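[1] Give me a model of this one.
(4 chains)
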Number of protein chains: 2
Amino acid sequence: MLFTVDPSRSEAVYAQVMHEIRQRIARGLLNAGDRLPTVRDLAQTLVVNPNTVGKAYQLLESEGVISTRRGVGTFVADVSPKLSLSARRERVNELLDRLLTEAYHMGFNQDSLMDTIEKRMKSFQTSGSRRRGQ
Amino acid sequence: MLFTVDPSRSEAVYAQVMHEIRQRIARGLLNAGDRLPTVRDLAQTLVVNPNTVGKAYQLLESEGVISTRRGVGTFVADVSPKLSLSARRERVNELLDRLLTEAYHMGFNQDSLMDTIEKRMKSFQTSGSRRRGQ
DNA sequence: TATTTGTCCTAGATGAACTAGTACAATATA
DNA sequence: TATATTGTACTAGTTCATCTAGGACAAATA
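    Purely as a prediction, here's the structure:
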């Protein structure tokens, strides 16, 4: 499990760690029950302070994405959104609006964007890791 | 033309202004040649410093989204992406990965996300403001 | 009991964001 | 030409998030 962060990016290091973990779960590279590196190990790998990794883990736990057990370790949680349905929809819609806006300015029309989305969706998740629910 | 920002959000004020303008252009609410408020006017409306609005305008100009003329005002530019095609694709793909990740954690499967995207696309742009290019 | 692991705390450094105030440069207009 | 408008530039200072360093504690395991 190879992790990296880019300190030259404007995004905070702890946020990069969060996004990386969220994405690996979404892609099926990490599954419920899988163990994550210890805060100290990951901090050494990334050459950052253990507190920074701890912050990422704590926030992810508050979102219900992972679960930590003191003295034991940190593990990928079962998927069970903590937010209300409307709040979840709003979050997706906000990101979606961002995407539509950015795509427009990057010269994509709706058809070419749709193509891009369909292709990316297919390759995004590893086979056999799709969700059923809505 | 009503602008607002939410200072309680974590996103910087100047970045909120940028996103708002970008989105209005993408939706067809602002068109090439349209005039934006002066930095002083918009600053007063938003109850922020004129420098903050100026920063947003400068960054948008460096992206080629708007064009400023000292002593005259600030105007929506013609759409002509400054980045290379591969850079533009990368930017869209990064945002797209974010969306796919977030949607997963918000309990959307690929089908329900696709529905959401299609619906939002249709209502996003005002009629008669679609792009032709790719 | 000793080790591992997440958590907490204090203290300090750095940089981004923002405000305030002033001044200047370019353009348009009376 | 003079005046007003508008974007830009500059300095100085405040606030806040991020990150580091170092140490200590709490819970679980071996």
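
[2] Pull the number of nearby residues for A:Asp41.
    13 (other Cβ atoms under 10 Å in any protein chain shown). For the C-beta atoms, the positions are set from N, CA and C on the backbone; glycine is no exception.

[3] What about the closest residue to DNA strand D within chain A, how many residues nearby?
    Residue nearest to DNA strand D within chain A: A:Gly71 (2.7 Å; Cβ to the nearest atom of the strand). Neighbour count of A:Gly71, defined by other Cβ under 10 Å: 4.

[4] Where does it sit: helix, strand or coil?
    Per DSSP: H, G, I helix; E, B strand; the rest coil, the local secondary structure of A:Gly71 is coil.

[5] can you give me the strands in chain A?
    A:35-36, A:66-69, A:73-76 (DSSP state E).

[6] Quickly run through the sheet partners of the shortest one, with directions.
    Strand A:35-36 pairs in its sheet with strand A:73-76 (antiparallel), by DSSP bridges.

[7] now the partner strand: mean pLDDT?
    The average of the pLDDT scores along strand A:73-76 is 98.

[8] With stretch A:83-92 instead?
    96.

[9] and the nearest residue to A:Ser67 once chain neighbours are set aside, how many neighbours does it have?
    Using Cβ to Cβ, 6 or more residues apart in numbering or on different chains and skipping the chain neighbours, the partner closest in space to A:Ser67 is A:Ala77 (4.5 Å). By other Cβ under 10 Å, the residues close to A:Ala77 number 17.

[10] Next up, the contacts around A:Ala77.
    Each residue near A:Ala77 by Cβ atoms under 8 Å, 6 or more residues apart in numbering or on different chains is listed here: A:32, A:61, A:64-67.

[11] What about DNA strand D: which of those touch it?
    Among those, not one lies near DNA strand D by Cβ under 7 Å from any atom of the strand.

[12] Most widely separated two among these?
    Spatially, the most separated pair among these is A:Ala32 and A:Glu61, at 14.2 Å (Cβ to Cβ).

[13] Could you report the separation of A:Gly33 from B:Thr126?
    48 Å (Cβ to Cβ, to the nearest Å).

[14] what does A:Arg98 give?
    18 Å.

[15] Comparing these two, which residue is more hemmed in?
    Set A:Arg98 next to B:Thr126 and count neighbours by other Cβ under 10 Å: A:Arg98 wins out with 17 against 11.

[16] From the centroid of chain A, which residue is nearest?
    A:Arg22 (2.0 Å; Cα atoms, centre = their mean).

[17] Tell me who's in contact with it.
    Contacts of A:Arg22 by Cβ under 8 Å, 6+ apart are A:60, A:65, B:101-102, B:105.

[18] repeat that with 7 Å
    A:65, B:101, B:105 (Cβ atoms under 7 Å, 6 or more residues apart in numbering or on different chains).
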